[in-house]
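Enquirer: build me a model:
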Amino acid sequence: MGKGFVYRCHKCGHEEELLSGVGFMSPVEADMERESILAGIYGPNAQAALVAHPEAHVRVERAMYQCGACGKLESRLAVTVKAPVPVPILQQCDCGATMHRIRSGKDMLCPACREPLKKTDVVAVVRWD
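Expert: The predicted structure follows:
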């Protein structure tokens, strides 16, 4: 179960509904992401790290991401690998640039006008799987 948040731009009125948290299917998704890492989907460094440390735990959760190039906001599956060596798992935007995870309390910019988005009072417990 996770939370859904609605963000609104006070300048242009643009709204985004974004999900975050862990779902019931997270263990299955974690297994699928492990296979994606081993297949090289997340790049050769992540693949090599997981091959070298097959015991490493793969964790997934829904998180908010924003592209610094085009401004796109999206809820995506954040993948974390708990290994002795850091394993960078980057998210690519449709435009080709790297998306950055929005941590709690950090500002998001409106994808339409690039002004700060504000969280509204609309919060819901969401079951997305």
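Enquirer: quick check: which element contains the residue nearest to residue 26 when sequence neighbours are not counted?
Expert: Distances taken as C-beta to C-beta, 6 or more residues apart in numbering place residue 60 nearest to residue 26, at 5.3 Å, with adjacent residues excluded. Heads up, the C-betas are built off the backbone N, CA and C, glycines and all. Per DSSP states H and E, residue 60 falls inside strand 57-67.
Enquirer: tell me which helix or strand comes right after that strand.
Expert: Criterion used, DSSP H and E; the element after strand 57-67 is strand 73-82.
Enquirer: CA atoms only for that following strand, dumped as CSV, please.
Expert: The C-alpha coordinates for strand 73-82 follow below in CSV (Å, rounded to 0.1, in the frame of the first residue of the first chain):
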residue,chain,number,x,y,z
LEU,A,73,7.2,14.1,-13.6
GLU,A,74,6.4,10.5,-13.0
SER,A,75,5.9,7.8,-10.4
ARG,A,76,8.4,5.1,-11.1
LEU,A,77,9.8,1.9,-9.6
ALA,A,78,12.8,2.9,-7.5
VAL,A,79,15.3,0.0,-7.5
THR,A,80,17.9,-0.3,-4.7
VAL,A,81,20.6,-3.0,-4.5
LYS,A,82,22.0,-3.6,-1.0
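Enquirer: what pairs with it, parallel or antiparallel?
Expert: Here strand 73-82 is paired, per DSSP bridges, with strand 57-67 (antiparallel).
Enquirer: chain center to the partner strand, what's the gap?
Expert: Mean-position distance between strand 57-67 and its chain equals 3 Å (C-alpha atoms, centre = their mean, to the nearest Å).
Enquirer: and that strand, what's buried?
Expert: The neighbour-count check on strand 57-67 (16 or more other C-beta atoms under 10 Å) flags 58, 60, 61, 62, 63, 64, 65, 66, 67 as buried.
Enquirer: can I get these in CSV with distance to residue 23?
Expert: As requested, these are arranged in CSV below (distance: C-beta to C-beta, whole Å):
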residue, distance to residue 23
58, 15
60, 9
61, 8
62, 7
63, 12
64, 15
65, 17
66, 21
67, 23
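Enquirer: what's the closest of those to residue 27?
Expert: residue 60 (8.7 Å; C-beta to C-beta).
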